[in-house]
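# One predicted model, sequence on top.
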Amino acid sequence: MPVLSRSSGHRPRPDTSTDAPAKRRARRSPAGLAAAAALLAGALLPIAFQPSAQAVAAPNGGDVIANLFEWNWNSVAAECTNVLGPKGYGAVQVAPPADSIKLSGAHPWWEVYQPVSYGLNSRMGTEAQFKAMVTACHNAGVKVYADAVINHTAGVNQTSTSSYGGATFNPVGYSYANIPYSSADFHGSPPCPNSNLGINDWNNVTQVQECQLLSLSDLNTESDYVRGKIAGYLNSMVDAGVDGFRVDAAKHIAQADMANILSRLHSTVWGARPYVYQEIFPGSSGQLAPAAFEGNGSVLEFTYAYKLKDQFNGNIANLKTFGASWGLEPSDKSAVMVTNHDLERDRTTLTYNDGSKYQLAHIFELAWNYGTPQVYSGFRFANKDDSPPADANGYVTDTNCSNNTWTCTDRDQGIANMVGWHNAARGQSVANWWDNGGNAIAFSRGDKAWVAINNSATAVTQTFTTGLAAGTYCNVIHGDVTAAGTCTGGTVTVDAAGKATTTVPAGDAVALYTQAPPCTA
C-alpha cells in the first residue's frame, strides 16, 4: 500500500498505559555550566543584568531543545548563532542527515525518513554544510541532536532509484550499494510471522519489531553486520560533533539490538555520552510499553502533549498536579513537548492553528518543572504530506520566518525569553500556586522565577505572591532588557513581602525572573 506518511505516528494506538524509568545520557560539565552563566547574564534577566554577545565554544548548560523540523543546514546554523545561543537554548534537533529517496513530482516531508545510504549529502544540504552547521551551533554553546532513522530503509513499495545525495539503490530488490545492504540484511518471513511482512497486531512484540512498518524495509538489527553499519553511521555524526539522537521508530527495534548499537558509540567532542531520546508511542504494555525502552535512553512523552491539549481546551487549573500521576513517564526520563511533526498533522495536540493556546502551552511547558522540554518550529501545510518549502528539485530552501510559510515558534518573544526563565529556575520546586478555579493560574519556581498564565477570554487582575525578592522586573513575555538597563516591555514591581499586583490580559501571560537581587527601574 502507498506510504501516506512515513512515521510510526500514523498507526493504530491501543489504550494508554502508565510507563516507568530510563537513563538520561547527557550530562552537563562544570565548564558548560560556567558558560551558561556568562551566556544567560543578559537581556532575559531582571533589569540589573546586561546582555552578553560573546559566543562560547562549550555547551551552555541549558536543556531546552529547539526542534527545527526540516530546516536546512544553513538555516539551522544561522538560528543557532542568532537566536538559540543568545536565548539560552541548550540544543537543537535537526532533520535526519542521511541521504534519502527522492520521488518524482511532489516531494513529501517523509522522504527524509526513507534513507538509502548513510552519506551526509541530503535534502537539507551537503556534508560540508552539515558539519559547518554543527560547528556554528557549538560556537553558540548549543548542542546538536540528529533525528536518526535506523529501523529501516526506503520502502519496498517505492520504485524510485533517485536520491538527494546520488546514492545507488533499488528498494524493490533490497539493494543499497553505498552502505552496502542486500536482502540478507533485512527481516523477512520468518522471523516476521506474516507472509506479507505487515504488522497485523500492534501489541505483538514479534510483529512490531520484526515486520515492516508501513512497508518500510525492516533492518535485521540482530545481525552484527547491520549493527556495525548503523553504529558506523551514528559515529560519523558523533565524530562530526553531533551530541545525541532522537531515535525514530525506536519501538520497532528490539531493546537488546538498540543497546548493542548504542554501546558502540563514541563519546561526544565535549566528552559526554550521546543523549538518546526514543520515539515510543504509548498504548502497548509489557515489552512494548515506553518503560521497557528506558534502559537505552529517555523517551518522547506523547501523553504529556495529549494531556496538555486537553487542559488548554478545558480547565488549566487542573495542571496543579500535572506529572507522573497523570500517567506520564518520570520527569528525568521524559523528553516533553507541546507537539511534533506527526502530532500536528494528526491534530491530536495543540498546533500553530490554536493561536494563544499554543503559545501559552509552550510557556507552561517551559515554566513547569517536568522533563526535558522541546520547542517545535516546523512549516505550515495544507495537506499532511506537503513538502517543506523547497526548490523544484526538492532541496529545502532557507527558512523565512516572515512570509507565513514557516512556524518559527522558537523565535516567539515570550517563548524564547521563557527559555532563560526556565534556565534560571533550574533546581527550584514549584511554589506559590494560585488559580481562579478555571483558566488562570500562577506559580513560582522557588524564589528564582514566577509566571502567571491566563487562558481565558477576559483579563485577570490580582495581587499575587511571587516568591521573588523586592524590586522591579521586566515582563519577559513582552519585553527584553536593554544594554541601558531598561525594559522594552512592561515592568512589574514586587514589594518587600514578595507580592505583586498586576493584570494578565486575556490569552496572555506575565513572567518574571532573577538570578540576583533585581534593581529598580
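Great, that's in hand. Residues are numbered from 1 along each chain as shown.
# mind listing the helices for the stretch 101-250 of the chain?
In the stretch 101-250 of the chain, the segments counted as helices under DSSP state H, counting those that start in this stretch are 127-139, 205-210, 224-239.
# Could you pull out the buried residues of stretch 403-412?
Using 16 or more other C-beta atoms under 10 Å as the test for burial, stretch 403-412 gives 406-412. Yep, even glycine has a C-beta here, placed from its N, CA and C like the rest.
# ok, now stretch 433-448?
For stretch 433-448, the neighbour count (16+ other C-beta under 10 Å) marks 434-435, 439-448 as buried.
# Let me know the closest of the residues you listed to Asn475.
Ala442 (13.0 Å; C-beta to C-beta).
# Contact partners for the closest one?
432-435, 450-453, 462, 464, 504 (C-beta atoms under 8 Å, 6 or more residues apart in numbering).
# Which one (most neighbours) among the residues you listed?
Neighbour counts for the contacts of Ala442, by other C-beta atoms under 10 Å, peak at Trp450, which reaches 30 neighbours.
# my read is that one is in a strand, agree?
Yes: counting by DSSP: H, G, I helix; E, B strand; the rest coil, Trp450 falls inside a strand.
# wait, isn't it in contact with Ser444?
Yes: the pair Trp450 / Ser444 is scored as a contact, 4.2 Å apart, by C-beta atoms under 8 Å.
# show me what contacts Thr372?
24, 63-65, 277, 298, 334-336.
# what do you get if the cut-off is 7 Å, keeping everything else the same?
63, 65, 298, 334-336 (C-beta atoms under 7 Å, 6 or more residues apart in numbering).
# and if you look at Asn178?
Asn178 touches 117, 119, 167-168, counting by C-beta under 7 Å, 6+ apart.
# rewinding a little: looking at the helices of the stretch 101-250 of the chain, which is nearest to Thr349?
Among the helices of the stretch 101-250 of the chain, helix 205-210 comes nearest to Thr349, with 23.2 Å by C-beta to C-beta.
# Take that closest one, keep the C-alpha atoms, and write them as PDB.
As requested, the backbone C-alpha atoms of helix 205-210 are provided in PDB (Å, rounded to 0.1, in the frame of the first residue of the first chain):
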ATOM      1  CA  VAL A 205       6.300  -7.900  20.000                       C
ATOM      2  CA  THR A 206       7.500 -10.100  17.200                       C
ATOM      3  CA  GLN A 207       5.300  -8.400  14.600                       C
ATOM      4  CA  VAL A 208       6.100  -4.800  15.800                       C
ATOM      5  CA  GLN A 209       9.900  -5.500  15.900                       C
ATOM      6  CA  GLU A 210      10.400  -8.000  13.100                       C
END
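# And that helix, what does it pack against?
Here helix 205-210 touches no other helix or strand, going by 3 or more C-beta pairs under 7 Å, 6 or more residues apart in numbering; DSSP states H and E.
# and the residue lying closest to Ile477 once chain neighbours are set aside, how many neighbours does it have?
Excluding its sequence neighbours, the residue lying closest to Ile477 (C-beta to C-beta, 6 or more residues apart in numbering) is Gly414, at 3.9 Å. If you count neighbours by other C-beta under 10 Å, Gly414 ends up with 22.
# same check, this time on Asn200
Neighbours of Asn200 using other C-beta under 10 Å come to 10.
# Please tell me I have it right and it contacts Cys192.
No: at 10.1 Å, Asn200 does not count as touching Cys192 under the criterion of C-beta atoms under 7 Å.
# picking up where we left off before, am I right that the residue nearest to Ile477 is in a helix?
Yes: Gly414: assigned to a helix according to three-state DSSP.
# and it, how far is that from Gly479?
For Gly414, the distance to Gly479 equals 10 Å [C-beta to C-beta, to the nearest Å].
# Likewise for Leu360?
17 Å.
# swap in Gln255?
Counting by C-beta to C-beta - Gln255 and Gly479 are separated by 48 Å.
# likewise Met237?
From Met237 over to Gly479 (counting by C-beta to C-beta), the distance is 39 Å.
# before we move on, what about Asp99?
Asp99 is 45 Å from Gly479, by C-beta to C-beta.
# Ok, Gly485 next?
Look at Gly485 and Gly479: by C-beta to C-beta, they are 12 Å apart.
# Looking at the two, which has the bigger crowd around it?
Gly479 (19 against 14).
# Just to check, that one is in contact with Gly490?
Yes: with contacts counted by C-beta under 7 Å, Gly479 reaches Gly490, the gap being 6.3 Å.
# ok, of the buried residues of stretch 433-448, which one's closest to Val112?
Distances from Val112 to the buried residues of stretch 433-448, taken by C-beta to C-beta, are shortest for Arg445, at 37.4 Å.
# nearest spatial neighbour of the closest one, skipping sequence neighbours?
Ala425 (3.5 Å).
# Next one, pLDDT for that neighbour please.
Ala425 carries a pLDDT value of 96.
# roughly how far apart are it and Gly241?
In terms of C-beta to C-beta, Ala425 sits 29 Å off from Gly241.
# which of these two has more neighbours?
A count of neighbours by other C-beta under 10 Å puts Ala425 above the other of Ala425 and Gly241, at 25 against 18.
# Tell me who's in contact with that one.
445, 448-449, 513.
# would CSV of those residues with distance to Gln209 be doable?
Shown next, in CSV, are the contacts of Ala425 (distance: C-beta to C-beta, whole Å):
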residue, distance to Gln209
Arg445, 40
Lys448, 44
Ala449, 43
Tyr513, 45
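# Pick the one among those residues closest to Ser325.
Arg445 (19.8 Å).
# Please look at that closest one and Val430 and confirm they touch.
Yes: in this structure, Arg445 is within contact of Val430 by C-beta under 7 Å, at 6.4 Å.
# Find residues that contact each of the two.
Counting by C-beta under 7 Å, 6+ apart, the residues touching both Arg445 and Val430 are Asn369.
# Just say helix, strand or coil for Ile431.
Ile isn't right for residue 431; it's Ala. From three-state DSSP, the assignment for Ala431 is strand.
# ok, so what distance separates it from Gly323?
15 Å.
# of the two, who's got more company?
Taking other C-beta under 10 Å, Ala431 and Gly323 do not tie; Gly323 has more neighbours (18 against 14).
# Now do the phi/psi pair for the more buried one.
phi 170, psi -150 (degrees, to the nearest 10).
# Quick check: the gap between it and Thr168.
For Gly323 relative to Thr168 (C-beta to C-beta), the value is 50 Å.
# Also Ala484?
The value you get for Ala484 to Thr168, if C-beta to C-beta is used, is 60 Å.
# More neighbours: which of these two?
Thr168 (13 against 7).
# Am I right that the more buried one is in contact with Ser175?
No: distance between Thr168 and Ser175: 8.3 Å, which falls outside the contact criterion (C-beta under 7 Å).
# Tell me which residues of stretch 349-367 come out buried.
The neighbour-count check on stretch 349-367 (16+ other C-beta under 10 Å) flags 349-352, 354, 356-367 as buried.
# Equivalent analysis for stretch 144-162, please.
For stretch 144-162, burial by neighbour count (16+ other C-beta under 10 Å) applies to 144-156, 158, 160-161.
# Ok, stretch 300-311 next?
Result for stretch 300-311 [16+ other C-beta under 10 Å]: buried residues 300-309, 311.
# ditto for stretch 206-226
207-221, 226.
# and the end-to-end length of that stretch?
19 Å (C-alpha to C-alpha, to the nearest Å).
# Where does pLDDT dip in this structure?
1-57, 515-521 (pLDDT under 70).
# the domain parsing of it - what is it?
The chain breaks down by automatic domain parsing into domains covering 63-148+223-246+255-424, 430-513.
# Any chance of CSV for those domains, columns distance to Pro180?
CSV is the format used below for the domains of the chain (distance: least, C-beta to C-beta, whole Å):
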stretch, distance to Pro180
domain 63-148+223-246+255-424, 9
domain 430-513, 52
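# which of those sits most buried?
With neighbours defined as mean count of other C-beta atoms under 10 Å, the domains of the chain peak in mean count at domain 63-148+223-246+255-424, which reaches a mean of 21.
# Now Tyr473: which helix or strand?
Using DSSP states H and E, Tyr473 falls within strand 471-474.
# which other helices and strands contact the helix or strand that that strand is followed by?
With elements assigned by DSSP H and E, the helix or strand that comes after strand 471-474 is strand 491-494. Using 3+ C-beta pairs under 7 Å, 6+ apart, the elements in contact with strand 491-494 are strand 471-474, strand 499-504.
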